[in-house]
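Enquirer: Prediction below, plus the sequence it came from.
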Amino acid sequence: MLLLAIGIPQYPQTNIQHQCPKTVCMSMFSLREVLADGQLCCDALYLWRPIFFWFTAQVHPQIIVDNYNNKTRDIVVVTFAYRMNVFGLLNLNYRMTDLLSPNLALHDILDSLRWTKREIASFGALPKNRNQRSSRRMAYSLDCVTKQQWQSPDFWSVQRNVEQTLNCLRQVNASSLSAHVRLLEDQGFLFHGLARKLDLEQ
């Protein structure tokens, strides 16, 4: 578990009684032989895409072991789960008026990169031989971050839909949202992030 520092609010807050650090779950996949020999190899930090389908490696780590971390490849693989999953990539404070920091997941991604560089030698990898990789779908998070002005009105990133969408999301319990993310995984539904306009009547 990676402990993150408490965020500093943009504006002075007088109504905050208590704050605590957040944690990010990180997984290291290393070979026993690599740790025993003491020879440092390269490592790869994998950024997960915000798309869910059957047997993604984020839920099924055996896929990581079978494809990257085996005896034919001396690679230490690092994975991590950032806060709020795909929802953490949304700029929910896009007017910059709330205490909530925008794009919480991006802070976790950056802290995970720093931690990996600092501590990866303990798991048999050379910090200077660090690689970051991802699938092409990870680039979709840029749309969530920037709310690009698309031409089609069917996408919620059009500015006029932002307030309605945020109001809709705030009426749903956070635990319920997280449970639905896992439900999408278990049922094998494709989910490319919060792109389609939400049904505000539900």
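Expert: Good, I have the coordinates.

Enquirer: so where is this structure shaky, pLDDT-wise?
Expert: Scanning the chain for pLDDT under 70 picks out the ranges 1-25, 34-60, 69, 81-103, 130, 132-163, 165, 174, 178, 181-202.

Enquirer: need the longest helix for it.
Expert: Taking DSSP state H as the criterion, the chain has its longest helix at helix 104-119.

Enquirer: helices or strands up against that helix?
Expert: Applying 3 or more Cβ pairs under 8 Å, 6 or more residues apart in numbering; DSSP states H and E, we find helix 104-119 packed against strand 2-4, strand 22-29, strand 41-47, strand 75-81, strand 125-134. Just so you know, the C-beta spots here come from the backbone N, C-alpha and C atoms, and that holds for glycine as well.

Enquirer: hmm, try it at 7 Å
Expert: The contact analysis (3 or more Cβ pairs under 7 Å, 6 or more residues apart in numbering; DSSP states H and E) places helix 104-119 against strand 2-4, strand 22-29, strand 41-47, strand 125-134.

Enquirer: gap between residue 173 and residue 166?
Expert: Counting by Cβ to Cβ, to the nearest Å, the gap from residue 173 to residue 166 is 15 Å.

Enquirer: Comparing those two, which shows the higher neighbour count?
Expert: More crowded of residue 173 and residue 166, by other Cβ atoms under 10 Å: residue 166, with 17 against 8.

Enquirer: and the more buried one, what element?
Expert: Using DSSP states H and E, residue 166 maps to helix 162-169.

Enquirer: Buried residues, the longest helix of the chain. List them.
Expert: Residues 104, 105, 106, 107, 108, 109, 111, 112, 113, 115, 116 are the ones in helix 104-119 that count as buried (16 or more other Cβ atoms under 10 Å).
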